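Peer 1: my questions concern the predicted model and sequence given below.
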Amino acid sequence: MTRTGRPIEIAWFGALCDDDYEQLGIVDETLRSSPEHCGDIVRTADELGFDAILMPSGYALGIDTVTFTASIAATTRTIRPIVAVRVGEVWLPTLARQLATLDQLLGGRMIVNIISSEMPGESLAAGPRYQRTLEHMHGLRTLLDGQRLTAAGDWLTVDVDPPRVGTVSGSCPPLYFGGLSDDAKDVAAREADTYLMWPDTIDQVAALVDDMRARAALVGRTLHFGYRVHVVVRPTEAEARAAAEHLVAALDPVTGEAIRARSLDSTSTGVRAQAALREAADDDGYAEPHLWTGIGRARSGCGAALVGSPEQVAAKIEAYRDLGIDTFILSGYPHLDECRRVAELVVPLLRP
């Protein structure tokens, strides 16, 4: 495998879903999701030169993604919000109008992260759920490309014109999407622009990139690739490992399980894969050098971190770039503090 030749995209994490701690499992009211706290994270990432920022989505957690992103549009300069939306929560023509309006407020800087999950109280098998996602992704792209949508599918029946006020570019912003089940991979191959993956070993990531390239080629498409991972970086490896241990030092198993169970996707294939990665790690929680799984003890979804000195973390990211990944969505605890560390210590090593 070789690099894509595209410039690296380095993104940070907006922590909209009550996911900010000094120590995992110990609630600090000053770090709970709020327009003020999350706004500080976004503006700091913007000022420090991050390319993009993930605005995550949770049903009962934190604050609303679209509303919050609209509220900070005028206070940011160049950062591109990656706006997470859950398929099925909003009627598709309404969602298209919301996102087109949001893109206008952002001056064309929007990226969309599609989330496929059950709705609260819903029990839906993977096949039908991803069929719903496929139909909605295709429909959203059609409307945001400024075209009339006529659909009569299993989940979407509609005949409607596109929003009168469209996106700044007149076309659909990039759609980011991820998932490890065969159904999810097939949806990504057909409709995603960037396939997002959670942490795994280099060998497993390489195999996944190969698999997704092959699936996309079968339907005449190509994909870009993104990697979502936490970071614990300090001037030395010893300091970074100590900081990682401090992060989970006050965590008890019952609290960790409760935190993981809050997410609607806590039983998904991807979450199970993160648990398997954690179970296969060594006694210190490392699945391979500098890939630490301890963070997943108190977090559903992305459950591992790059831990090490600036040079070690940068080298790990460069190894992923060698596999063809060019988007990196990073995070760390507390998010404001680690954002500053990553910007100071790691980003300069990754920019040409």
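Peer 2: Structure's in. What do you need?
Peer 1: which strands or helices does the lengthiest strand in the chain pack on?
Peer 2: Residue-count comparison of every strand in the chain, with assignments taken from DSSP state E, identifies strand 224-233 as the longest. When contacts are defined as 3 or more C-beta pairs under 8 Å, 6 or more residues apart in numbering; DSSP states H and E, strand 224-233 packs onto strand 175-178, strand 194-197, helix 202-218, helix 237-248, strand 305-308, helix 310-321, strand 327-331, helix 335-341. Any C-beta I mention is one placed from the backbone N, CA and C, and that applies to glycine too.
Peer 1: ok, 6 Å please
Peer 2: With contacts defined as 3 or more C-beta pairs under 6 Å, 6 or more residues apart in numbering; DSSP states H and E, the secondary structure elements packing on strand 224-233 are strand 194-197, helix 237-248, strand 305-308, helix 310-321, strand 327-331.
Peer 1: turn the ones you listed into a markdown table, columns for mean pLDDT.
Peer 2: Listed next are these as a markdown table, based on pLDDT from 0 to 100:
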| stretch | mean pLDDT |
| --- | --- |
| strand 194-197 | 98 |
| helix 237-248 | 96 |
| strand 305-308 | 98 |
| helix 310-321 | 98 |
| strand 327-331 | 98 |
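Peer 1: out of those, which is closest to Gly58?
Peer 2: Smallest distance to Gly58 across the helices and strands packed on strand 224-233 (C-beta to C-beta): 14.7 Å, for strand 327-331.
Peer 1: what sits up against the closest one?
Peer 2: Counting contacts by C-beta atoms under 6 Å, 6 or more residues apart in numbering, the residues outside strand 327-331 that touch it are 9-11, 13, 54, 194, 226-228, 230-231.
Peer 1: kindly indicate the member of the residues you listed with the most neighbours.
Peer 2: Neighbour counts for the contacts of strand 327-331 (other C-beta atoms under 10 Å) peak at Phe13, which has 28 neighbours.
Peer 1: how much space between that one and Ser71?
Peer 2: According to C-beta to C-beta, to the nearest Å, Phe13 and Ser71 sit 18 Å apart.
Peer 1: how about Pro253?
Peer 2: For Pro253, the distance to Ser71 under the criterion C-beta to C-beta works out to 37 Å.
Peer 1: in this protein, what helix or strand scores lowest on average pLDDT?
Peer 2: Of all regular secondary-structure elements in the chain, judged by mean pLDDT, DSSP states H and E, the least confident is helix 253-261 with a mean of 62.
Peer 1: so in that sheet, which strands flank the longest strand of the chain, and in what orientation?
Peer 2: Sheet pairing here is set by DSSP bridges, and for strand 224-233 it gives strand 194-197 (parallel), strand 305-308 (parallel), strand 327-331 (parallel).
Peer 1: as CSV, those strands with distance to Glu47 would be great.
Peer 2: Conversion of the strands paired with strand 224-233 to CSV gives the following (distance: least, C-beta to C-beta, whole Å):
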stretch, distance to Glu47
strand 194-197, 25
strand 305-308, 23
strand 327-331, 16
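Peer 1: could you identify which of the ones you listed is most buried?
Peer 2: Mean neighbour count (mean count of other C-beta atoms under 10 Å) peaks for strand 305-308 among the strands paired with strand 224-233, with a mean of 28.
Peer 1: all good on my end, thank you.
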